[in-house]
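Student: need a structure here:
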Amino acid sequence: MGDVLASTLHMQATDNPAEADVLLVNTCSVREKAESKVFSLLGEWRLLKEQHPHLIIGVGGCVASQEGETLVRAAPQVDLVFGPQTVHRLPEMIADVRRQGRSVVDVSFPEIEKFDSLPAPRAEGPTAFLSIMEGCSKYCSFCVVPYTRGDEISRPFESVMREVHELAAQGVREITLLGQNVNAYAGPMDDGVCVDLATLIHHVAAVQGVERIRFTTSHPLEFDDSLIEAYANVPKLANHLHLPVQSGSDRVLAAMKRGYTALEFKARIRQLRQVRPDISVTSDFIVGFPGETDRDHEATMRLVRELDIDQSFSFLYSRRPGTPAAGLSDDVPHAEKQARLAALQQLLEDNATRRNQSMVGSRQRILVERTSRKDERELAGRTEDNRWVNFPIPAGVDPQQLLGRFLEVEITEAKRHSLRGRCVGAADTDG
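Tutor: Below is the predicted model:
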């Protein structure tokens with residue numbers, strides 16, 4: 001997001017707040033802890049503004065969209081508030097602040113206008129993220145996203161494909177398609193026909209230079225047969241799926257308004273594994289949702305075991321104002337939430353360790369992304385299932401010539417959260 005903001009403003013970014021003329025914080029209101037950090041940061045920036053009165057402070061993202069004018073009243077040092085859909089209006093908003101000398105708030109939902117104002121694609125390395133849709137229309141009872149980002153709106157197909165071609169021309173080899181609910185993508189073509197995510201993946205895979213495709217984040221309701229077909233027939237689609245389930249209990253899923261049962265979720269993953277037997281499946285879980293019992297928690301643990309889910313984003317439930325679940329009694333004691341989360345994370349860690357160990361001796365196709373952070377004599381890249389691998393730079397080879405290339409790496413050691421290996425040759429499919 002920092003690159004997007006810098007490109008939109010045509011300003012040079014800095015990591016030192018004391019040097020800045022404009023300070024912007026991009027926020028998230030999915031978790032209470034993230035929201036509290038925003039107000040702590042704004043307190044620090046207030047001191048900078050007292051020293052530099054012309055400093056402009058802005059808050060964007062979900063907290064901004066949710067709070068709006070209330071945010072300015074709570075933190076008077078804030079000059080502008082912009083929502084996820086109004087990032088492109090920042091230059092005009094900053095000009096208004098300087099001209100009028102008062103705060104400016106714009107948290108509207110202009111929908112497709114945002115896609116018409118995206119900065120030019122810019123690659124910084126062999127991987128890139130490409131936003132193809134915004135918003136969510138699922139209205140899960142615990143989530144503020146539909147209220148802060150609006151309903152689902154898909155970027156036009158031709159616009160997406162133009163950016164794919166431009167990124168490929170800049171040397172991007174791996175593209176991750178992004179959206180709050182990316183598998184609900186329904187991008188209109190020039191003739192009015194809508195393209196679904198699976199069809200888009202087929203088109204992206206046909207672009208010369210693009211050798212690996214990922215997508216995130218998904219909703220199980222729209223993980224349909226067309227996507228399973230894409231996994232069967234598009235080798236460039238990475239051997240990894242992140243599909244948030246949130247709970248393994250049907251009772252909790254119903255209270256969350258997720259729209260599916262644990263059995264339906266399991267059936268979909270098993271169907272996927274018929275075409276990709278060794279695919280890595282990762283997920284999201286909310287622990288301690290109102291009314292969750294020990295039996296509900298055990299259902300979640302059972303789902304993780306049965307599907308061999310090996311990584312996740314797992315969070316303790318926290319009430320988000322404005323959501324339907326906020327009216328429910330948050331009746332699971334905090335200590336119990338923490339114990340359940342620890343048990344879940346240990347199970348996931350065990351599954352991840354077992355999968356890592358099973359990869360020792362195998363040969364993996366690695367996209368070299370950078371030198372290793374711990375040893376400049378080594379390179380680092382990711383497997384198809386999104387695991388980092390560190391390996392020595394081959395003797396007599398200029399490492400700069402290997403960045404952005406696919407290499408075949410034999411895995412020699414399984415670490416706790418990464419792998420080690422040795423390069424055994426090139427693995428570029430295009431020579």
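Student: okay, CA-based contacts and neighbour counts for the rest of this
Tutor: OK.
Student: in the chain, what helix or strand scores lowest on average pLDDT?
Tutor: One helix or strand of the chain scores below all others by mean pLDDT, DSSP states H and E: helix 2-9, with a mean of 60.
Student: strand partners (parallel or antiparallel) of the helix or strand encompassing Gly187?
Tutor: Secondary structure assigned from DSSP states H and E places Gly187 in strand 186-188. Strand 186-188 pairs in its sheet with strand 194-196 (antiparallel), by DSSP bridges.
Student: model confidence over the partner strand, on average?
Tutor: What strand 194-196 shows for mean pLDDT is 96.
Student: could you point out the helix or strand that follows that strand?
Tutor: Downstream of strand 194-196 (by DSSP H and E), the next one is helix 197-205.
Student: what angle do the helix or strand that that next one is followed by and helix 197-205 make?
Tutor: Sequence-wise, the next helix or strand beyond helix 197-205 is strand 212-216, with elements assigned using DSSP H and E. Between strand 212-216 and helix 197-205, the angle comes out at 150 degrees (axes from the mean of the first three to the mean of the last three Cα atoms, to 10 degrees).
Student: what's strand 212-216 packed up against?
Tutor: Under the contact criterion of 3 or more Cα pairs under 8 Å, 6 or more residues apart in numbering; DSSP states H and E, strand 212-216 touches strand 174-178, helix 197-205.
Student: between the ones you listed, which gets nearest to Met301?
Tutor: strand 174-178 (28.5 Å; Cα to Cα).
Student: same question for that closest one, mean pLDDT?
Tutor: Computed over strand 174-178, the average pLDDT equals 96.
Student: any chance you could list what contacts it?
Tutor: Contacts to strand 174-178, defined as Cα atoms under 8 Å, 6 or more residues apart in numbering, come from residues 126-133, 210-217.
Student: are any of those residues buried, and which?
Tutor: 126-133, 210-217 (16 or more other Cα atoms under 10 Å).
Student: please enumerate the helices of the stretch 1-150 of the chain.
Tutor: For the stretch 1-150 of the chain, applying DSSP state H, counting those that start in this stretch gives helices covering 2-9, 32-51, 62-67, 69-74, 90-100, 145-149.
Student: which residue, other than its chain neighbours, is closest to Arg416?
Tutor: Thr353 (6.4 Å; Cα to Cα, 6 or more residues apart in numbering).
Student: for the one you found, grab the count of nearby residues.
Tutor: Thr353: 17 surrounding residues under other Cα atoms under 10 Å.
Student: quick one: residues in contact with the one helix or strand it maps to.
Tutor: Per DSSP H and E: Thr353 is located in helix 334-358. Residues outside helix 334-358 that contact it (Cα under 8 Å, 6+ apart) are 287-288, 297, 301, 304-305, 308-312, 314-316, 413-419.
Student: now that helix: buried residues?
Tutor: Result for helix 334-358 [16+ other Cα under 10 Å]: buried residues 337, 340-341, 344-345, 347-353, 355-357.
Student: before we move on, the earlier item: show me what the strand holding Gly187 is in contact with.
Tutor: By Cα under 8 Å, 6+ apart, strand 186-188 touches Ser154, Arg155, Pro156, Phe157, Cys194, Val195, Asp196, Leu197.
Student: list the buried ones in it?
Tutor: Ala186, Gly187, Pro188.
Student: in JSON lines: those, plus distance to Ala64 and pLDDT.
Tutor: Formatted as JSON lines, these follow (distance: Cα to Cα, whole Å; pLDDT from 0 to 100):
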{"residue": "Ala186", "distance to Ala64": "27", "pLDDT": "96"}
{"residue": "Gly187", "distance to Ala64": "27", "pLDDT": "95"}
{"residue": "Pro188", "distance to Ala64": "30", "pLDDT": "94"}
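Student: circling back to that earlier point, can you say which of the helices of the stretch 1-150 of the chain is packed in most?
Tutor: Ranked by mean neighbour count under mean count of other Cα atoms under 10 Å, the helices of the stretch 1-150 of the chain are led by helix 62-67, which reaches a mean of 24.
Student: with just CA atoms, put that one into CSV.
Tutor: The C-alpha coordinates for helix 62-67 follow below in CSV (Å, rounded to 0.1, in the frame of the first residue of the first chain):
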residue,chain,number,x,y,z
CYS,A,62,-11.1,0.5,7.2
VAL,A,63,-10.8,2.4,10.5
ALA,A,64,-11.1,5.6,8.6
SER,A,65,-14.1,4.4,6.6
GLN,A,66,-15.8,3.2,9.8
GLU,A,67,-15.1,6.2,11.9
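Student: figure out how far it is from the centre of its chain.
Tutor: 19 Å (Cα atoms, centre = their mean, to the nearest Å).
Student: what packs against that helix?
Tutor: If you count contacts as 3+ Cα pairs under 8 Å, 6+ apart, helix 62-67 packs onto strand 22-27, strand 80-82, helix 145-149.
Student: got the contact list for the second one?
Tutor: Which is strand 80-82. Against strand 80-82 from outside (Cα under 8 Å, 6+ apart): 56-61, 64-65, 68-69, 71-72, 90, 93-94, 97, 103-107.
Student: show me what the nearest residue to Val38 once chain neighbours are set aside is bridged to.
Tutor: Nearest non-adjacent residue to Val38, counting by Cα to Cα, 6+ apart: Thr27, 7.0 Å away. Per DSSP bridges, the residues bridged to Thr27 are Gly61.
Student: please report how far Thr27 lies from Thr148.
Tutor: To Thr148, Thr27 is 11 Å away according to Cα to Cα, to the nearest Å.
Student: what residue in this structure is the furthest from its centre?
Tutor: Computed with Cα atoms, centre = their mean, the residue of the chain farthest from its C-alpha average is Gly396, at 37.6 Å.
Student: is it true that it lies in a helix?
Tutor: No: applying DSSP: H, G, I helix; E, B strand; the rest coil, one finds Gly396 to be coil, outside a helix.
Student: phi first, then psi, for it.
Tutor: With angles defined as degrees, to the nearest 10, Gly396 sits at phi 80, psi 10.
Student: please apply the same query to the one 10 residues further on.
Tutor: In this entry, Phe406 is assigned phi and psi values of phi -90, psi 130 (degrees, to the nearest 10).
Student: work out for me the element the nearest residue to it once chain neighbours are set aside sits within.
Tutor: Residue nearest to Phe406 in three dimensions, not counting chain neighbours: Leu367, with 4.4 Å by Cα to Cα, 6+ apart. Of the helices and strands defined by DSSP H and E, Leu367 is found in strand 363-371.
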